[in-house]
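*Asks:* need a structure here:
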Amino acid sequence: MHEFSIASAVVDTAVRHAAGRRVTVVSVRCGRLRQVVPASLAFAFEVLARDTLCDGAVLEQEIVPARLACAACAREWEIELPVFRCPTCGTAAVAVVAGEELEVESIEVSQDEEAPCIA
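*Replies:* Numbering: from 1, shown residues only. Okay, the predicted model is just below:
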C-alpha cells in the first residue's frame with residue numbers, strides 16, 4: 001500500500017513548514033491517476049502523524065479528476081476509465097493535463113500554543 005509512503009512525505013512536509021507550531025489541518029491535492037485510496041491515505045496519515053507536530057491534525061483531501069487534451073483538435077475532457085483516445089476526432093495523440101497531481105496544498109498551524117519539542 002503506497003499510501004504510507006505518501007502519508008510519510010505529507011507529514012514530513014507539514015512538519016518542516018510548521019516551524020515548531022502544532023499543525024491542525026493539512027490539505028492535499030491528489031490526482032485520480034495516482035491511484036490513491038483516500039481512506040487508506042487518511043489512515044496512514046493518522047498513524048504516521050502520531051508523536052509529531054501533526055498529531056491530531058485533520059487531513060483534507062481534494063481528488064483532482066483526470067483530464068486529457070487532444071493534440072489534434074485541442075479538446076479537453078475528463079475521464080473515468082483510462083481510455084486515451086479523443087472522443088471528438090478519435091486520435092490517440094493525447095496528453096494528460098490533470099490527474100497526476102500529488103501535492104500538499106496548504107497547512108494550518110495553531111497560533112495560540114507552543115508545541116512541545118516533537119520532531
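
*Asks:* can you show me the strands along this protein?
*Replies:* 21-31, 58-64, 66-70, 76-79, 94-98, 102-114 (DSSP state E).

*Asks:* and those: which comes nearest residue 12?
*Replies:* strand 102-114 (9.7 Å; CB to CB). Backbone N, C-alpha and C define where each C-beta goes, glycine included.

*Asks:* where does this protein dip in pLDDT?
*Replies:* The chain contains residues with pLDDT under 70 at 1, 81-82, 107, 112-119.

*Asks:* mind listing residues that contact the lengthiest helix in it?
*Replies:* In the chain, with assignment by DSSP state H, the single longest helix is helix 3-18. Contacts to helix 3-18, defined as CB atoms under 8 Å, 6 or more residues apart in numbering, come from residues 23, 26, 28, 30, 36-37, 40-41, 43-45, 47-49, 52-54, 57, 59, 102, 104, 107, 109, 115, 119.

*Asks:* and with 7 Å instead?
*Replies:* 23, 26, 28, 36-37, 40-41, 44-45, 48-49, 52-54, 102, 104, 107, 109 (CB atoms under 7 Å, 6 or more residues apart in numbering).

*Asks:* on that earlier part again, in a markdown table: the strands of the chain, plus distance to residue 9 and mean neighbour count.
*Replies:* Converted to a markdown table, those look like this (distance: least, CB to CB, whole Å; neighbours: other CB atoms under 10 Å):
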| stretch | distance to residue 9 | mean neighbour count |
| --- | --- | --- |
| strand 21-31 | 10 | 20 |
| strand 58-64 | 13 | 16 |
| strand 66-70 | 21 | 19 |
| strand 76-79 | 26 | 14 |
| strand 94-98 | 21 | 15 |
| strand 102-114 | 8 | 13 |
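
*Asks:* kind regards, and thank you for your time.
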